Every structure is written in C-alpha cells, then in structure tokens.
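> generate coordinates for the sequence data below:
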Amino acid sequence: PRDSLKGPAPNLDEENAKEELEVDVLCSKIENLNSVLEQPHVETLRAEGLMLGDLTVRKFLDFMCTKLSENKTLTELSLASNSLKPLHAEQIGKAIKLHPTLKRISLRDNDITTAGANAMGKAAEGNFIVKQIDFDDNNLGPLFPMDLFLLPSLAKLELYGNQLTEVPQKLMEISQLEDLDLRKN
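Modelled structure (predicted):
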C-alpha cells in the first residue's frame with residue numbers, strides 16, 4: 001500500500017482502544033471519531049473510506065475538526081478515500097493551525113482541488129509542526145497549490161496523480177522542501 005502509516009496493532013479498533021494503550025487506531029465508524037480523538041494516547045488515526053465528504057460542513061466540524069483541534073497527541077492522520085471536498089480541506093487547515101504534534105496528514109484519493117489545498121494552507125498558516133502532506137489522487141490542477149508552503153516546516157509533499165501542468169519557478173526557492181512527488185500529472 002502506498003500509504004505508509006504504521007500498520008494497525010493486532011485486534012485494535014476504536015472500541016477497545018481505551019482498554020489498551022496502543023497508539024495506532026483504525027476508526028471504522030464516523031460516530032466514533034470524537035471519542036478516538038479524545039483519547040490521550042492515540043498517535044496515529046486512520047479514518048479512511050468513511051465518506052466524510054458526504055457530511056454537511058457542520059457535521060464534519062462536529063465529528064472531526066473540533067476534537068482534532070483539541071487533540072494533543074496525534075502525530076499522523078489519514079483521511080484517505082473520504083470524498084473530501086475543498087471546503088473540508090479548509091476546515092482541516094483551521095483545525096490543525098495550532099496542533100502541537102501532528103506531523104503527517106494523508107488526504108489521498110479525495111476530491112480536493114488546488115483551491116481547497118490553498119485554503120488549507122492559508123487556514124493552517126504558521127503551523128511549524130506539519131512536515132508531510134499527501135494529496136495523491138485528488139483533483140489538484142492545473143495550478144500548483146503554493147499556499148501549502150505557508151506551513152514553514154512542510155518538507156514532503158505528495159501530489160501524485162493530479163492534473164498539475166506547471167511547476168512554478170518560485171518552488172525552487174523553498175528551502176524546507178526535501179521531497180516533492182509530481183508523478184502522473
């Protein structure tokens with residue numbers, strides 16, 4: 001699998017995560033997101049394929065963003081394959097702006113556009129913790145989402161399988177960028 005988050009701990013899901021102090025949780029139900037994000041030991045949350053994009057923005061905020069902004073332990077978050085739209089990306093940006101530990105975000109295989117990625121970057125502007133964002137297989141393009149670099153520690157950006165047509169010259173001036181995947185654009 002291309003998503004390189006840690007594999008799930010044996011027999012661990014959101015229902016028994018409170019009993020075992022495991023750090024990697026696979027959330028299989030939307031209604032359990034808040035309780036998982038409230039747990040003080042969870043470092044990796046994989047909430048994939050839950051169709052979060054079908055929720056109204058209000059419900060998305062209620063189920064995901066409010067508790068995400070209050071969480072203090074999460075280091076990796078995967079919201080892959082959720083039909084997330086540009087507005088969802090912006091709300092995620094607002095939720096992570098001051099997040100103290102979140103380093104890696106996977107938003108692969110969603111419906112996020114360049115405008116959504118830029119809105120996320122603007123909303124999270126100044127976050128010094130996020131180092132890696134995966135936007136593989138979204139709808140970015142034709143313009144490059146330069147506002148993601150308002151996150152000054154962003155070192156790895158995965159944009160495989162989008163519709164980007166140009167790489168801005170200004171991108172070469174971004175010193176923190178170590179790894180940029182533009183294949184299949």
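> for the protein, which spans come out with low pLDDT?
1-22 (pLDDT under 70).
> where along the chain do the strands fall?
With strands called from DSSP state E, the chain shows them at 24-26, 44-46, 76-78, 104-106, 132-134, 156-158, 179-181.
> could the ones you listed go into JSON lines alongside mean neighbour count and distance to residue 98?
Any C-beta I mention is one placed from the backbone N, CA and C, and that applies to glycine too. Formatted as JSON lines, those follow (neighbours: other CB atoms under 10 Å; distance: least, CB to CB, whole Å):
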{"stretch": "strand 24-26", "mean neighbour count": "20", "distance to residue 98": "22"}
{"stretch": "strand 44-46", "mean neighbour count": "24", "distance to residue 98": "18"}
{"stretch": "strand 76-78", "mean neighbour count": "24", "distance to residue 98": "15"}
{"stretch": "strand 104-106", "mean neighbour count": "22", "distance to residue 98": "15"}
{"stretch": "strand 132-134", "mean neighbour count": "22", "distance to residue 98": "17"}
{"stretch": "strand 156-158", "mean neighbour count": "20", "distance to residue 98": "21"}
{"stretch": "strand 179-181", "mean neighbour count": "13", "distance to residue 98": "25"}
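> I'd like those strands laid out as CSV, including distance to residue 36.
Shown next, in CSV, are these (distance: least, CB to CB, whole Å):
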stretch, distance to residue 36
strand 24-26, 5
strand 44-46, 6
strand 76-78, 11
strand 104-106, 16
strand 132-134, 20
strand 156-158, 24
strand 179-181, 29
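> out of these, flag the one nearest residue 115.
Residue 115 lies closest to strand 132-134 among the strands of the chain, at 15.7 Å (CB to CB).
> where along this structure do the helices fall?
Per DSSP state H, the chain carries helices over the ranges 33-38, 57-60, 66-70, 86-96, 114-123.
> who wins for proximity to residue 27 among those?
Among the helices of the chain, the nearest to residue 27 by CB to CB is helix 33-38 (5.2 Å).
> so who does residue 61 touch?
residue 91 (CB atoms under 8 Å, 6 or more residues apart in numbering).
> that one and residue 42, how far apart?
Between residue 61 and residue 42 the computed distance is 20 Å (CB to CB, to the nearest Å).
> ok, residue 112 next?
24 Å.
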